[in-house]
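Trainee: coordinates only, sequence not included:
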């Protein structure tokens, strides 16, 4: 389109631009200013579609009134296009609205609903005893929601983390002993945005409950979605220590190791140690881990930094591994592991003394470069030995052959001598 600058009394037409509504072309020299009342006449040479120019004179007349009309139409078209583009954007909901719609807050509370500083529920009870407590749930989302409060059991997942049963799975231990104000171990609460509720509950231990630690949690769940349901959950851990005979103990129920490295590099390799920790006792225990790798005569070849594992609940187990790098191919390696268990709690009254546990295993790290060198040396030695045997056998055969030839020659000579003596006698 043509570009015009309105200076009030004249139209300034820049050179080298096509005029709106005209075939695209390359202008010849056009410059200067023209009075607004005077129609514009100019000549231009259109470009040929194939790139060769074809000289042709064209006369164009553009009046100021037509230019103003075109500007008005163009502005209107731009305004309509802007509305069409902005309309769907304005009507579309924010991308995060769905995420903001659901928000859950759950924490321990006292009887007034105030936060009392606890991060979990922890009790020490006798068999058959009941304790009452409170949890505060708040809808922090932007829409009314139905919250399902659940008492459930805990377990260790495959990585050893503290986990709770799925929402639709019924508990069999601690979660089953929790009751809300409706008399069941689950209840529903509908809350408006920003609304909270103080939820009382009771924990009643059976008379025949076993001593030791029982773990579970209070869960607040909100299920949303249509064909694909999404279960959003927050939870508070619950620990209950039942009085009686405590048997705190961890065991390393499985241990194996592997060695990896370049066959030609005698001085660098990696040992990977995999082990399984089980809790056959009745106290939830975490542990500090110390491990390493020894070789001949107990010489240490690797001592990785120590670490720790999360608490293992009674009757549960979890698998772990550690790696030790920079280990030479010593042939014989002995990875070892030591666990120092402890009760992971801020309540000193729950601490118990636990004996450390250790275990080791055998690992073969073949020095392949040495093995290959020895194999080649042995091959050369056996080859030389076989060759010496063959040479000795050939020499013996030659000696036997020459001796036999000598005997044959001597016998012939004796026969000739005998025959010659008989002829003289006659």
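Mentor: Cool, got the structure. Everything numeric here is computed off the predicted structure, so don't read it as measured data.
Trainee: next, residue 417: secondary structure please.
Mentor: helix (DSSP: H, G, I helix; E, B strand; the rest coil).
Trainee: what about the stretch 251-400 of the chain, any weak spots by pLDDT?
Mentor: Across the stretch 251-400 of the chain, nothing is flagged by pLDDT under 70.
Trainee: please enumerate the helices of it.
Mentor: 368-425 (DSSP state H, counting those that start in this stretch).
Trainee: what's opposite the nearest residue to residue 285 once chain neighbours are set aside in the beta bridge?
Mentor: Distances taken as CB to CB, 6 or more residues apart in numbering place residue 341 nearest to residue 285, at 4.3 Å, with adjacent residues excluded. To be clear about C-beta, it is placed using only N, CA and C from the backbone, and glycine gets the same treatment. Counting by DSSP bridges, residue 341 is bridged to residue 287.
Trainee: tally of neighbours for residue 341?
Mentor: Residues near residue 341, counting by other CB atoms under 10 Å, number 25.
Trainee: do I have it right that it meets residue 287?
Mentor: Yes: here residue 341 lies in contact with residue 287, judged by CB atoms under 8 Å, at a distance of 4.6 Å.
Trainee: identify the contacts common to the two.
Mentor: The contact sets of residue 341 and residue 287 overlap at residue 250 (CB atoms under 8 Å, 6 or more residues apart in numbering).
Trainee: list the contacts of the residue nearest the centre of the chain.
Mentor: For the chain, residue 159 is the residue whose C-alpha lies nearest the centre (CA atoms, centre = their mean; 12.0 Å). Residue 159 sits next to residue 318 when contact means CB under 8 Å, 6+ apart.
Trainee: try it again with 10 Å
Mentor: Counting by CB atoms under 10 Å, 6 or more residues apart in numbering, residue 159 touches 310, 318-320.
Trainee: if you rank those by neighbours, which is first?
Mentor: Going by other CB under 10 Å, residue 318 tops the contacts of residue 159 with 20 neighbours.
Trainee: relative to residue 276, how far out is the closest residue to residue 339 other than its chain neighbours?
Mentor: Excluding the flanking residues, the one nearest residue 339 by CB to CB, 6+ apart is residue 287, at 4.3 Å. Using CB to CB, to the nearest Å, one gets 13 Å for the distance from residue 287 to residue 276.
Trainee: quick one: which of these two has more around it?
Mentor: residue 287 (23 against 15).
Trainee: beta partners of residue 109?
Mentor: Here residue 109, judged by DSSP bridges, has bridge partners residue 134.
Trainee: show the pLDDT at it.
Mentor: Listed pLDDT for residue 109 reads 97.
Trainee: I'd assumed residue 218 was in contact with it.
Mentor: No: using CB atoms under 10 Å, residue 109 makes no contact with residue 218, being 11.3 Å away.
Trainee: who's in contact with the residue nearest to residue 339?
Mentor: By CB under 10 Å, 6+ apart, the contact set of residue 287 is 250, 277, 279, 307-312, 338-342, 344, 354, 356-357.
Trainee: okay, it and residue 355: tell me how far apart.
Mentor: Applying CB to CB, the value for residue 287 to residue 355 is 12 Å.
Trainee: which neighbours do these two share?
Mentor: The contact lists of residue 287 and residue 355 share 250, 339-341, where a contact means CB under 10 Å, 6+ apart.
Trainee: can you tell me which of the residues you listed is nearest residue 195?
Mentor: For those, the minimum distance to residue 195 (CB to CB) is 44.2 Å, reached by residue 341.
Trainee: mind listing what that closest one touches?
Mentor: With CB under 10 Å, 6+ apart, residue 341 has these contacts: 248-250, 277, 279, 281, 283, 285-288, 309, 311-312, 352-357.
Trainee: one more pass at 8 Å, please.
Mentor: Contact partners of residue 341, counting by CB under 8 Å, 6+ apart, are 248-250, 285-287, 354-357.
Trainee: equivalent analysis for residue 347, please.
Mentor: Listed by CB under 8 Å, 6+ apart, the contact set of residue 347 reads residue 122.
Trainee: numbering from 35 from now on, please.
Mentor: Got it, the first residue is 35 from now on, which makes the last one we talked about residue 381.
Trainee: got phi/psi on it?
Mentor: Main-chain dihedrals, residue 381, degrees, to the nearest 10: phi -90, psi 110.
Trainee: of the shared contacts of residue 321 and residue 389, buried ones?
Mentor: Buried subset of the shared contacts of residue 321 and residue 389 (neighbour count, 16 or more other CB atoms under 10 Å): 284, 373-375.
Trainee: would you list the residues you listed in CSV and tack on distance to residue 168?
Mentor: Putting these into CSV (distance: CB to CB, whole Å) gives the following:
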residue, distance to residue 168
284, 34
373, 37
374, 37
375, 33
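Trainee: among the contacts of residue 375, which are located in strands?
Mentor: Among the contacts of residue 375, DSSP state E puts 319-321, 391 in strands.
Trainee: nearest to residue 259, of those residues?
Mentor: The closest of the ones in strands among the contacts of residue 375, once distances to residue 259 are taken by CB to CB, is residue 320, at 36.7 Å.
Trainee: next one: the closest one from residue 377, what distance?
Mentor: Distance from residue 320 to residue 377, by CB to CB: 8 Å.
Trainee: residue 198 now?
Mentor: Using CB to CB, residue 198 is found at 21 Å from residue 377.
Trainee: more neighbours: which of those two?
Mentor: Shown here are residue 198 and residue 377; by other CB under 10 Å, residue 198 has more neighbours (23 against 20).
Trainee: give me the beta-bridge partners of the more buried one?
Mentor: Beta-bridge partners of residue 198, as defined by DSSP bridges: residue 188.
Trainee: pretty sure it contacts residue 191?
Mentor: No: using CB under 8 Å as the test, residue 198 is too far from residue 191 to be in contact (9.9 Å).
Trainee: tell me where the stretch 235-384 of the chain has strands.
Mentor: 246-258, 264-276, 285-294, 304-312, 319-328, 334-336, 341-346, 351-359, 365-376 (DSSP state E, counting those that start in this stretch).
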